[in-house]
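A.B. asks: After the sequence you'll find the predicted model.
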Amino acid sequence: MANTVEEKKFSLKEVLDTFSLCLSENKEVYIEHYVEGWRGLVRFMNSLGSVFSFISKDAVNKIEILANLLNGENGTHYITIQSMVKYELDSGLVDLTQRDKHPESGCRTLLRLHRALRWLELFLERLRTSSEDSKTSVMCSEAYNESLAQHHGWIIRKASGMAFCYLPGRPTFFEVMNVGTPEEVVAMLGEALPIISDVYNITENVYTQHELLQLP
Ligand SMILES: CCCCCCCCCCCCC/C=C/[C@@H](O)[C@H](COP(=O)(O)O)NC(=O)CCCCCCCCCCCCCCC
């Protein structure tokens, strides 16, 4: 039977909207919607070609770790990032100095996606303010160098740099986002970016407060 969810032509707007569901009234971040937002982003990335599959494989792996924690027997502790951090720290479930007993804790796994969210924020901001002849590969690698690259070793940085060269040009990129005219894409990005920044900043604060930004 056809998988209608996979085949539906999606709009990047819907994906980015998912991040607006992440924030609770008291500014906690719901992991369910965070994970859902990432699933949508990965789906979008997959539609850009198989050269990105080493990236999406890693992202999917991390998304699934978090989804399993949320759906597991201790799932109630994984409703928000704040409750996850409290629970895992209080229960000694986080490897703080080296990967050892808890190599796949929620805290260290989400931190990797959190760093990638910063890349997304920087990349989308560049896209939003770009001109017609701007190069997506340049915008992407600048955003990467300012964020994720600082946490990646040489091999991953090289492989990422090569993958960026296969990004479609700005016009095609805007088209596959399936949002509308370039002006509509720019407007959509203008609405989505503050929400992504909010989610990023709130998470960053939680991790800073608990000194978790360097988890191995
Ligand atoms: C659309 C272009 C896509 C460019 C994606 C830029 C991000 C490049 C990241 C390269 C990651 C390479 C794979 C391996 C990573 C891991 O080593 C590394 C560390 O993990 P570990 O501590 O468990 O070992 N993992 C990570 O840093 C997590 C990376 C997660 C990357 C998710 C990227 C999803 C991109 C979604 C694209 C959506 C674009 C929408 C724009 C309109």
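C.D. replies: Now that the structure is in, tell me what you want to look at.
A.B. asks: Can you say which helix or strand has P171 in it?
C.D. replies: helix 170-177 (DSSP states H and E).
A.B. asks: what's downstream of that helix, the next helix or strand?
C.D. replies: Read in the C-terminal direction, the helix or strand following helix 170-177 is helix 182-209, with elements assigned using DSSP H and E.
A.B. asks: How many residues are close by the nearest residue to R118 once chain neighbours are set aside?
C.D. replies: Closest residue in space to R118, ignoring its immediate chain neighbours: S147 at 4.3 Å, by C-beta to C-beta, 6 or more residues apart in numbering. (Each C-beta comes from the backbone N, C-alpha and C, glycine too.) Here the neighbour count serves as a burial measure; for S147 (other C-beta atoms under 10 Å) it reads 18.
A.B. asks: So S147 sits against W119, correct?
C.D. replies: Yes. Taking contacts as C-beta atoms under 8 Å, S147 lies within contact range of W119: 4.4 Å.
A.B. asks: what about this structure, any weak spots by pLDDT?
C.D. replies: Low-confidence segments of the chain (pLDDT under 70): 1-9.
A.B. asks: For it, what lies in contact range of the ligand?
C.D. replies: Taking C-beta under 6 Å from any ligand atom as the contact definition, the chain meets the ligand at 12, 41, 44-45, 48, 52, 54-55, 58-59, 112, 115-116, 119, 140, 144, 148, 156, 160, 167, 177.
A.B. asks: among those, which are in helices?
C.D. replies: Of the residues of the chain next to the ligand, the ones assigned to helices by DSSP state H are 12, 41, 44-45, 54-55, 58-59, 112, 115-116, 119, 140, 144, 156, 160, 177.
A.B. asks: ok, V179 - contacts?
C.D. replies: By C-beta atoms under 8 Å, 6 or more residues apart in numbering, V179 lies in contact with S11, L12, K13, V185, M188.
A.B. asks: typo on my end, it should be A67
C.D. replies: The neighbours of A67, taking C-beta under 8 Å, 6+ apart as the test, are V35.
A.B. asks: mind checking which helix or strand it is in?
C.D. replies: Under the criterion of DSSP H and E, A67 resides in helix 53-71.
A.B. asks: and that helix, how far from the chain's centre?
C.D. replies: Averaging C-alpha positions (C-alpha atoms, centre = their mean, to the nearest Å) puts helix 53-71 11 Å from its chain's average.
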